[in-house]
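S.K.: fold the following.
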Amino acid sequence: MNFPELETSRLMLTQLSGDDSQGLLDIFSDKSVTKFYDIDTYDSLGQSLKLIEFFNNRFIEGVGIRWGIRRKDTGKLIGTCGFNSWNQKMKNAGIGYELSSKHWGYGYATQA
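M.R.: Numbering: from 1, shown residues only. You can find the predicted model right below:
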């Protein structure tokens, strides 16, 4: 199955790649973003690369999907969103997102 890409009027939702490691580090190194997570803030690209691999493996295994949230006008990664887990048999899923604090208050999370 190909990774589904989605578009809204202002955003593109795409698969994450290694090229997104710095953007993800910028987001997860921000304490205002991670204070609601059960993780420490990031301090290395290696942590971002592991997270990208984790998200992509969830899709390959058919148990979750996580999109990179990008602004259409810049292509810049501003967050991620998706199903942290899904269970087709039980017909339930857990959803989640994070967004760069620089992009809070503009309706991007709602739109994504």
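
S.K.: so what are the sheet partners of the helix or strand E98 falls within and their directions?
M.R.: Element membership for E98, per DSSP states H and E: strand 92-99. Sheet pairing for strand 92-99, assigned by DSSP bridges, gives strand 77-87 (antiparallel).

S.K.: residue contacts, K102?
M.R.: Contacts for K102 (Cβ atoms under 8 Å, 6 or more residues apart in numbering) come out as I78. Using the backbone N, CA and C atoms, a C-beta is placed for each residue, glycine as well.

S.K.: repeat that with 10 Å
M.R.: For K102, the contact set (Cβ atoms under 10 Å, 6 or more residues apart in numbering) comprises 26-27, 30, 76, 78.

S.K.: got it, and S9?
M.R.: 72, 111.

S.K.: quick one: secondary structure of it?
M.R.: What DSSP: H, G, I helix; E, B strand; the rest coil gives for S9 is coil.
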